[in-house]
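# Please work out how this folds:
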Amino acid sequence: MPLFGSSDKTYNRQAFNEMMTGLRAFGPLRDKFGPALASDLLGMYFEDAVAKRDETGFWKKSGVRKAVPVDAMTEVKVKGADIADFKKEFGNLCQVEDGLVEVRRSWVVKLLGQAKKGDLRKELDKNVEPLNEYFQAPAPAKVQWRQVGHMRHERVGGAPPAGDKEKALAWFTKGVKGDSSAYKKVLDTYVKTDGTSPLGVDDKIATAMWRILVSDAPRYRSTVLGSTYPSSVGGAYLLKWLFDVTKKDVALPRRGDTGWEDWSLFYFGSIMAAQPFPDGNKRAGRATYALFMLSAGIPFRAPTDAFGKRLANM
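Numbers count the residues shown, from 1 in each chain. So this is what the prediction gives:
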């Protein structure tokens with residue numbers, strides 16, 4: 001009996017894309033995401049299909065995803081009897097993705113309203129992480145002085161008092177084991193002192209920052225039935241949308257104004273809520289909070305873990 005029947009179908013990337021574009025549920029996502037992200041979505045779903053092949057190369061509806069090298073993701077075969085289920089599964093994923101994107105968008109809109117009214121800062125007042133929970137001040141060292149002229153002395157020993165950058169870095173790296181140099185690099189690179197946003201006006205800095213922090217992320221985080229988050233492609237769309245909204249609708253306070261706390265919390269929660277990256281979204285959110293607080297020129301205060309989870313709607 002032949003393994004491949006006359007009604008069976010082989011999908012390479014082009015054939016899969018043609019199948020997807022013929023699905024009614026894909027149209028709204030294509031129009032919403034735009035060509036580049038829609039193409040990423042198709043690539044992600046094709047790789048999902050390939051990962052569910054059985055030992056004979058056929059897609060299985062109940063198949064377990066298997067790791068497949070990128071260069072081996074060339075095609076997937078579907079039994080004629082399974083083609084309807086194949087199309088239905090990816091149509092369902094498109095509908096789920098669209099719904100999850102809108103749920104997360106609504107949450108970010110809610111956070112934006114709270115930030116504008118100053119409500120997030122008021123919540124922080126009640127949910128500040130105690131400094132000793134994440135920062136240990138260096139032991140005081142003996143201060144020595146030497147004479148450098150008549151009636152003049154200079155300090156030659158002793159550690160200077162810890163500043164906000166040291167506190168922010170300690171909170172940012174809380175729980176990190178091993179090398180934390182990437183975390184310090186992010187703060188050294190992206191803190192601003194001119195009163196402008198450390199993330200700029202689009203998603204480029206946030207993405208570059210994430211690449212520094214996460215060097216081994218998977219290519220995608222796919223749509224998962226039952227999840228509360230969209231895929232990383234849907235999350236990337238939300239991140240672009242977030243900057244489109246805020247560059248038109250948000251005016252940061254002057255540097256030194258504690259109103260920056262509202263926007264530090266807003267971006268912290270929004271990035272974690274949108275989940276724009278395949279992995280490391282909490283790190284990206286914490287980095288954003290630290291960057292905003294240090295760029296604000298105000299004393300560093302950290303939110304509790306519980307408050308952070310509420311901000312992200314986790």
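
# R105 is in contact with K240, isn't it?
No: in this structure, R105 is not within contact of K240 by C-beta atoms under 8 Å, at 11.7 Å. No exception for glycine: its C-beta is placed from N, CA and C like everyone else's.

# Next secondary structure after the helix or strand of the chain with the lowest mean pLDDT?
Lowest on mean pLDDT, DSSP states H and E among the helices and strands of the chain sits strand 152-155, with a mean of 51. Sequence-wise, the next helix or strand downstream of strand 152-155 (DSSP states H and E) is helix 164-172.

# what is the rounded mean pLDDT of that next one?
Mean pLDDT, helix 164-172: 96.

# Helices of the stretch 201-314 of the chain, start to end?
Assigned by DSSP state H, counting those that start in this stretch, the helices in the stretch 201-314 of the chain fall at 204-213, 232-249, 260-274, 281-296, 305-312.

# just those helices: most buried one?
helix 260-274 (a mean of 26; mean count of other C-beta atoms under 10 Å).

# quick one, phi/psi of T173?
Per-residue torsions, T173: phi -100, psi 10 (degrees, to the nearest 10).

# Distance-wise, check the nearest residue in space to it that is not next to it in sequence relative to S232.
Computed as C-beta to C-beta, 6 or more residues apart in numbering, the closest residue to T173 that is not its neighbour in sequence is S180, at 4.6 Å. Distance of S180 to S232, computed by C-beta to C-beta, to the nearest Å: 24 Å.

# Next, the angle from the helix or strand hosting L37 to helix 232-249.
Secondary-structure assignment from DSSP H and E places L37 in helix 35-51. If you take axes from the mean of the first three to the mean of the last three C-alpha atoms, to 10 degrees, helix 35-51 sits at 160 degrees to helix 232-249.

# Show me what the next helix or strand after helix 35-51 is packed against.
Using DSSP H and E, the helix or strand that follows helix 35-51 towards the C-terminus is strand 75-78. Under the contact criterion of 3 or more C-beta pairs under 8 Å, 6 or more residues apart in numbering; DSSP states H and E, strand 75-78 touches strand 9-12, helix 35-51.

# which residue packs closest to W260, ignoring adjacent ones?
Leaving aside its sequence neighbours, W260 sits nearest to A296 (C-beta to C-beta, 6+ apart; 3.3 Å).

# Is it correct that that neighbour is in contact with D262?
No: contact criterion C-beta under 8 Å: A296 and D262 do not qualify, at 10.3 Å.

# List the neighbours of the helix or strand hosting N17 that are in contact with it.
Element membership for N17, per DSSP H and E: helix 13-21. If you take C-beta atoms under 8 Å, 6 or more residues apart in numbering as the criterion, helix 13-21 is touched by 9, 11, 26, 30, 42-43, 45-46, 49, 74, 76, 87, 90.

# tilt between it and helix 35-51?
Going by the same axes, to 10 degrees, helix 13-21 makes 110 degrees with helix 35-51.

# Only C-alpha atoms, please: export helix 13-21 in CSV.
The C-alpha atoms that make up helix 13-21 are tabulated as CSV, following Å, rounded to 0.1, in the frame of the first residue of the first chain:
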residue,chain,number,x,y,z
ARG,A,13,6.1,27.1,2.2
GLN,A,14,4.5,28.6,-0.9
ALA,A,15,1.7,26.1,-1.0
PHE,A,16,1.1,26.6,2.7
ASN,A,17,1.0,30.4,2.3
GLU,A,18,-1.5,30.0,-0.5
MET,A,19,-3.7,27.8,1.7
MET,A,20,-3.5,30.2,4.6
THR,A,21,-4.4,33.3,2.5
